[in-house]
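A.B. asks: Structure, please.
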Amino acid sequence: MVLGRLAHYAFDAILLSTVVAGVKRSTGFVPNTESISDPTMRSFADQYFGVGETIFNAIQGTAVNSTYFKRGEQH
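C.D. replies: The predicted model follows:
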């Protein structure tokens with residue numbers, strides 16, 4: 001029970017980090033980790049968002065090389 005809840009929270013955290021990576025890629029806006037005064041927490045936040053970047057890059061690479069996706073028209 002507790003292990004399932006922990007896995008759920010971990011998945012949610014990774015999903016949120018991946019969404020933030022998508023926002024960064026599409027808009028250029030990034031989380032301001034420089035405002036975190038504690039260097040340990042700042043490093044953790046940078047690593048956390050780095051995981052989202054890695055996941056986003058893997059998803060994007062899969063989509064680009066897949067026959068199930070095609071480039072849409074730009075408006």
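
A.B. asks: Which parts of the protein are helices?
C.D. replies: Counting by DSSP state H, the chain has helices at residues 2-27, 39-64.

A.B. asks: Between those helices, which one is closest to Gln74.
C.D. replies: helix 2-27 (12.8 Å; Cβ to Cβ). The way it works is simple: take the backbone N, C-alpha and C, and place the C-beta from them, glycine included.

A.B. asks: buried sites along that closest one?
C.D. replies: Buried residues in helix 2-27, counting neighbours by 16 or more other Cβ atoms under 10 Å, are found at 17-18, 20-22, 24.

A.B. asks: just stretch 44-63 next, same as before
C.D. replies: Buried residues in stretch 44-63 (16+ other Cβ under 10 Å): 45, 48-49, 52-53, 55-56.

A.B. asks: rewinding a little: tell me which of the helices of the chain sits nearest to Thr33.
C.D. replies: Closest of the helices of the chain to Thr33 is helix 39-64, at 4.7 Å (criterion: Cβ to Cβ).

A.B. asks: low-confidence ranges in the protein?
C.D. replies: Scanning the chain for pLDDT under 70 picks out the ranges 75.

A.B. asks: Is Lys24 in contact with Ser17, as I believe?
C.D. replies: No - judged on Cβ atoms under 8 Å, Lys24 makes no contact with Ser17 at a distance of 10.5 Å.
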